[in-house]
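Asks: could you work out the structure for the sequence below:
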Amino acid sequence: MRYVAPVRGTVDPQVFDRPPLVAWQDHARLLHGSDWPTIEALNALWPAGSPTCFVAQDLELLADGLHYEQRIAERGAIATREGNWHDLLNALIWLRHPALKQALNHRQMIEIARMGPKLRSRAQYAMTHFDEGGVIVLVRDAALMALWDEHDWHGLFWRHRDAWIDGSIQVELFGHALLEHALSPDKLLVGKAVVFQSTGTADIEQVSAYCAEQIAAGQLLHDPLELRPLPLSGIPGWHPANVDEAFHRTTICYQARRAGRHYPSAHAL
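Replies: Numbering: from 1, shown residues only. Next up, the predicted model:
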């Protein structure tokens with residue numbers, strides 16, 4: 001069933017006080033209250049000299065016949081529906097992660113040139129899944145990868161609960177559809193993860209920058225099967241019920257690994 005976001009002004013305020021939306025409190029005035037921000041207000045948040053801007057998606061804009069990605073690549077114009085949660089949250093991701101967004105657009109344009117504007121390749125599906133539901137994960141403890149490989153969710157999220165607090169594993173949410181789903185307090189979030197492993201000093205911001213470089217260079221996201229499911233609602237603080245062990249044994253967002261399903265190794269840094 002297609003997700004329908006709550007009406008603006010009716011969102012439970014608790015969702016803005018926990019991850020992932022708490023990370024966007026610097027844009028609280030765009031998210032709270034009954035009034036939608038204007039396209040002009042969003043554009044005012046770009047740094048000086050930005051090559052992109054938000055433009056209202058209306059019939060006049062769509063009459064140009066361009067693919068969404070073409071409009072970004074050729075005009076720097078990001079079509080944005082006004083009064084729409086999905087597109088507002090997409091705009092926030094653009095503002096925070098422009099290099100990642102530009103990398104995806106670059107790769108999408110390569111695939112559009114190869115496939116045409118109506119067909120989609122496996123790489124385009126992978127990039128779309130990441131754009132909508134993606135998370136970037138930095139893992140420092142190889143033992144956590146073994147648990148993840150086996151979908152040992154109880155082990156990953158309960159027995160090693162401290163790993164999510166002490167930095168042994170870190171997450172940067174990228175997918176704007178995940179942010180939209182987080183508007184509903186009862187929603188169990190599952191991300192599609194690109195995973196990097198390091199024993200060095202790299203932090204999650206550096207890893208995100210490296211991820212953008214690798215996407216742009218065509219080293220990542222060739223197939224949706226590269227992406228690992230990550231039940232974000234199991235991370236401490238992301239769902240109020242996960243303080244109880246029972247959550248990590250019974251919640252429906254913890255799915256068993258499908259027979260024959262294997263994941264690529266984490267990308268080494």
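Asks: against residue 181, how distant is the residue most central in space within the chain?
Replies: Central residue of the chain (C-alpha atoms, centre = their mean): residue 175, 1.8 Å from the mean position. Counting by C-beta to C-beta, to the nearest Å, the gap between residue 175 and residue 181 amounts to 9 Å. (Glycine included, C-beta is placed from N, CA and C.)
Asks: now residue 17
Replies: Between residue 17 and residue 181 the computed distance is 17 Å (C-beta to C-beta).
Asks: likewise residue 190?
Replies: Between residue 190 and residue 181 the computed distance is 9 Å (C-beta to C-beta).
Asks: show me the shaky parts of the stretch 151-269 of the chain.
Replies: By pLDDT under 70, the stretch 151-269 of the chain has no low-scoring segment.
Asks: go with 90
Replies: By pLDDT under 90, the weakly predicted segments of the stretch 151-269 of the chain are 199-201, 268-269.
Asks: please enumerate the helices of it.
Replies: In the stretch 151-269 of the chain, the helices defined using DSSP state H, counting those that start in this stretch lie at 153-154, 163-166, 176-181, 204-216, 247-250.
Asks: residue 123 and residue 222 touch, don't they?
Replies: Yes - the pair formed by residue 123 and residue 222 meets the contact definition of C-beta atoms under 8 Å, at 4.9 Å.
Asks: neighbour-wise, which of those two wins?
Replies: It is residue 123, of residue 123 and residue 222, that has more neighbours when counted by other C-beta atoms under 10 Å, with 21 against 14.
Asks: okay, now residue 34: neighbour count?
Replies: Considering only other C-beta under 10 Å, residue 34 is surrounded by 8 other residues.
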